[in-house]
Every structure is written in structure tokens, then in C-alpha cells.
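Trainee: The following block contains a protein sequence and its predicted model.
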Amino acid sequence: MGDNAIFATLGGAKRLGRQVHGPLDLADLIESGLPRASAQYLRERLELSEAELAALLGVSAKTLQRQSARGDACLTPHQGDRLYRLARIAALAEETLEDASRARQWLHQPQRGLGNRMPLALLTTEAGAREVEDLLGRIEYGVFS
């Protein structure tokens, strides 16, 4: 999975407001503030509620509502980093399962290889995200999970 897949999962140039040519461009964009439109795009793509997105970004749903009401067009670097993590895992799931709909369902369902935890629930931490990545790798290479 490459940066282009993550870029597309974040909504591409239309939502991000510019082209991204590599990991350093993504890092700069996260640091300067990913557009809120990108978060909304990913929320809709993964069929997340506003509360689920807020939890994955490490903020309350009220905070997201306030940001939207104030017209804050960008996420904080912390929120952007978490959104990037979500996009990275979503792109990997789509690549591994070869279908966006199957990937979305997989992310929302408890997985035996994760101790019957839902992959999305583990994405609030980097350690959890690594476990989800590891399971997707085992699925990709046909290792019993």
C-alpha cells in the first residue's frame, strides 16, 4: 500500500486542497492542519457516526460540533495524525480485502484475530493500529487468523 492509496482515502486533492507527492508532503499537511472536509469524507466513506469519528480523533463529539460551528476548516495536528492513522488502516483493509464495502464491514465487525475486538475500536492507539495492520498482513498472506 502506498501513499497514493492513503491520499485517496483522505479524499484526494479535492478534499485536501492540494496534491501530495510523498510521505513528507503528508507530514507537512498534517502539521499545518488537515482540512475538516477530509475528515468528513472519511467519516462518510467508512459509515462512521460523528461520535465514532470523534472518539477515533481523540476528542469529544461536542468538540467536533464546536469546530464545525466556528467554521474551523482544519484539524489540529493531533487530530490530523489520528485521521491519517484511520485512513492508513482503511486503505490497507481495502487493498487486502480487495473491496471497499468488504473492508468497511470488516473494520466494523469483531475479529477473532483481535481477541474478538472491532478493528475500529483499536485505532485509538498506535499499538492497537499495529495489531490491526498485523492481522491484515496475516490475511493478505493466508496465515490462519
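Mentor: That came through fine.
Trainee: neighbours of V59, just the number please.
Mentor: Other residues near V59 come to 18 when the count uses other C-beta atoms under 10 Å. Yep, even glycine has a C-beta here, placed from its N, CA and C like the rest.
Trainee: Have a look at the protein and report the helix or strand with the lowest mean pLDDT.
Mentor: helix 61-70 (a mean of 81; mean pLDDT, DSSP states H and E).
Trainee: Now E31. Nearest residue, chain neighbours left out?
Mentor: Take E31 and drop its neighbours on the chain: the residue closest to it by C-beta to C-beta, 6 or more residues apart in numbering is P77, 5.3 Å away.
Trainee: where does the protein have low pLDDT?
Mentor: Of all residues in the chain, those with pLDDT under 70 make up the ranges 1, 71-72, 144-145.
Trainee: still on that earlier bit, what number of residues lie near the residue nearest to E31?
Mentor: Counted with other C-beta under 10 Å, P77 comes out at 14.
Trainee: what sits up against the helix or strand containing L24?
Mentor: Assigned by DSSP states H and E, L24 belongs to helix 23-32. Residues from elsewhere that reach helix 23-32 (C-beta atoms under 8 Å, 6 or more residues apart in numbering): 3, 6-7, 16, 18-20, 74, 77, 80-81, 84.
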